[in-house]
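1. Could you work out the structure for the sequence below:
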Amino acid sequence: MVYRKGIFWVVLLLLFTLLFLWMFKNFSDKEGNIQTIRVGVSGQVNLPGVYDLYVGSDVASLILTGGGITANADLSLIDLEELVKNDSVYIIPTRVGGVKDVDALVRLTESAVLDVQASVKARVMDSVVCDISSVNVLYVGQPAVFLLISYYPELSKLYITNIPHSTLLLNSDYRLCDLYMTFGKEVFKDLIQNFFNVKIDYWIYQDRFSFVRMVDLLDGIELSLDRAFVRDHPDHKLVEGLLRVNGSTAWDFVRYIDYRLSGVKHKEGSGYIDRVTDDAFTAKAASWQVVYESRNHRHRHLLLSLAKTFNELSVNEKNRFMNRVVSVVETNITSSALLNIYLKMLTTPDLKFCSLDGYYKSDDGRLYFIPDIPSFLMLRNAELRGFVRSLNLEGGKEQVIY
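-> Below is the predicted model of the structure:
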């Protein structure tokens with residue numbers, strides 16, 4: 001009898017061990033073991049070669065893995081968001097004209113910065129400048145999202161300014177995304193800092209995988225899914241209306257463009273997320289403006305949803321979330337500083353999402369955004385002065401704003 005009981009407990013222990021190992025394996029597969037593929041890149045990249053990338057990586061990730069592009073690269077007809085395929089080689093073409101090397105591009109950049117600063121000095125009068133403390137963060141959502149986040153603690157104001165990836169900061173056809181892919185993170189941060197005449201305290205860089213993990217750490221977010229997105233998405237379980245979605249679906253949502261409404265040519269039936277082909281870049285500037293304004297609207301909606309979901313967490317849940325977020329983004333912010341900034345920013349009631357002043361134009365089938373940085377700075381400072389004046393009046397103070 002004792003022998004049988006011994007066998008029973010041994011078998012039971014063995015079963016529990018097998019069950020634990022099975023559960024651990026499934027958990028590990030979901031959390032960490034992402035399949036990889038072999039992809040090659042050649043042409044105008046700094047480090048041509050074959051690389052191991054995660055399944056779901058895009059062309060931008062491949063280029064950055066290859067050391068970024070040379071100053072002679074032409075990305076204007078390349079869809080940086082296209083998902084790369086296994087055992088494929090992607091060739092980065094050579095730019096017609098342009099500069100000879102990175103040093104020449106740096107000199108061109110320095111000249112353009114001086115031109116912008118002179119224009120700002122001429123148009124933005126000293127009386128408009130408002131000396132209010134702020135924390136400025138440059139956010140790059142690779143490959144095509146560039147946000148300048150400015151938080152004014154004294155005013156409890158949070159500005160999120162979208163800088164179109166096709167922005168021309170130089171007196172040439174080098175776009176914002178071209179400069180990012182050429183210079184790298186630190187130099188690019190300094191470039192934005194000089195052009196916008198603002199000290200960038202921190203930078204945050206995030207790719208598809210870190211974005212998906214961030215949303216999943218919140219157990220998803222609620223998004224208002226539109227009919228076009230639901231119609232084109234491969235997950236037929238999605239329904240139109242307010243729905244809590246995971247990180248992968250949220251990523252698809254923010255990238256989605258309904259080309260049917262924009263007038264942009266596209267190839268039907270090739271998968272909604274990768275439909276952009278070379279012929280899509282023959283559309284007029286007005287059509288592409290509709291495309292990007294639609295995407296900006298999705299960015300705004302997603303940011304507000306993130307803030308809403310975050311604010312619904314308890315204090316302990318917020319702390320746990322922020323402590324885990326620092327491991328899924330690339331940033332120069334320490335864990336404690338990031339936690340403090342995010343807590344302030346995501347709980348700020350007055351959040352304003354806006355776009356850089358300027359206009360779109362097309363040239364030989366390529367789309368460019370021509371920025372008006374002086375007007376942007378002048379309007380921003382005038383608005384801040386108005387907020388300060390109203391606060392002084394509410395507090396019964398009379399103060400001259402310089």
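2. Please parse this protein into its domains.
-> Listed by automatic domain parsing, the domain ranges of the chain are 36-92, 177-394.
3. Mean neighbour count, distance to A118 and mean pLDDT added to those, as JSON lines?
-> All C-beta spots, glycine's among them, are computed from the backbone N, C-alpha and C. Listed next are those as JSON lines, based on neighbours: other Cβ atoms under 10 Å; distance: least, Cβ to Cβ, whole Å; pLDDT from 0 to 100:
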{"stretch": "domain 36-92", "mean neighbour count": "18", "distance to A118": "25", "mean pLDDT": "89"}
{"stretch": "domain 177-394", "mean neighbour count": "16", "distance to A118": "10", "mean pLDDT": "79"}
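4. would a markdown table of those domains with distance to S111 be doable?
-> Formatted as a markdown table, the domains of the chain follow (distance: least, Cβ to Cβ, whole Å):
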| stretch | distance to S111 |
| --- | --- |
| domain 36-92 | 15 |
| domain 177-394 | 12 |
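5. Nearest to L138, out of those?
-> Closest approach to L138 among the domains of the chain (Cβ to Cβ): domain 177-394, 4.5 Å.
6. rewinding a little: figure out which of the domains of the chain is closest to L114.
-> domain 177-394 (9.3 Å).
7. Does anything pack onto the strand or helix carrying S248? Which helices or strands?
-> If you go by DSSP states H and E, S248 is part of helix 247-255. Contacts defined by 3 or more Cβ pairs under 8 Å, 6 or more residues apart in numbering; DSSP states H and E place helix 247-255 against helix 208-217, strand 221-225, helix 285-311.
8. now that helix, how far from the centre of its chain.
-> Offset of helix 247-255 from its chain centre (Cα atoms, centre = their mean, to the nearest Å): 12 Å.
9. Just the C-alphas of it, formatted as PDB.
-> Backbone C-alpha positions of helix 247-255 (Å, rounded to 0.1, in the frame of the first residue of the first chain) are rendered in PDB as follows:
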ATOM      1  CA  GLY A 247      -0.400  46.400 -29.600                       C
ATOM      2  CA  SER A 248      -0.100  44.800 -33.000                       C
ATOM      3  CA  THR A 249      -3.600  46.000 -34.100                       C
ATOM      4  CA  ALA A 250      -2.900  49.400 -32.600                       C
ATOM      5  CA  TRP A 251       0.300  49.600 -34.800                       C
ATOM      6  CA  ASP A 252      -1.700  48.600 -37.900                       C
ATOM      7  CA  PHE A 253      -4.300  51.300 -37.000                       C
ATOM      8  CA  VAL A 254      -1.800  54.100 -36.800                       C
ATOM      9  CA  ARG A 255      -0.200  53.100 -40.000                       C
END
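10. and the angle for it with helix 208-217?
-> Put simply, helix 247-255 runs at 120 degrees to helix 208-217, going by axes from the mean of the first three to the mean of the last three Cα atoms, to 10 degrees.
11. The residue nearest the centre of the chain - nearest residue in space that isn't next to it in sequence?
-> For the chain, G141 is the residue whose C-alpha lies nearest the centre (Cα atoms, centre = their mean; 1.9 Å). In space, and not counting its chain neighbours, G141 is closest to Q206: 5.4 Å by Cβ to Cβ, 6 or more residues apart in numbering.
12. The one you found is in contact with V329, isn't it?
-> Yes: Q206 lies in contact with V329 (Cβ atoms under 8 Å); the separation is 5.2 Å.
13. For those two, list the residues in contact with both.
-> M214 (Cβ atoms under 8 Å, 6 or more residues apart in numbering).
14. quick one on the thing from earlier: any idea how far the residue nearest to the centre of the chain lies from I163?
-> Distance, G141 to I163, using Cβ to Cβ, to the nearest Å: 12 Å.
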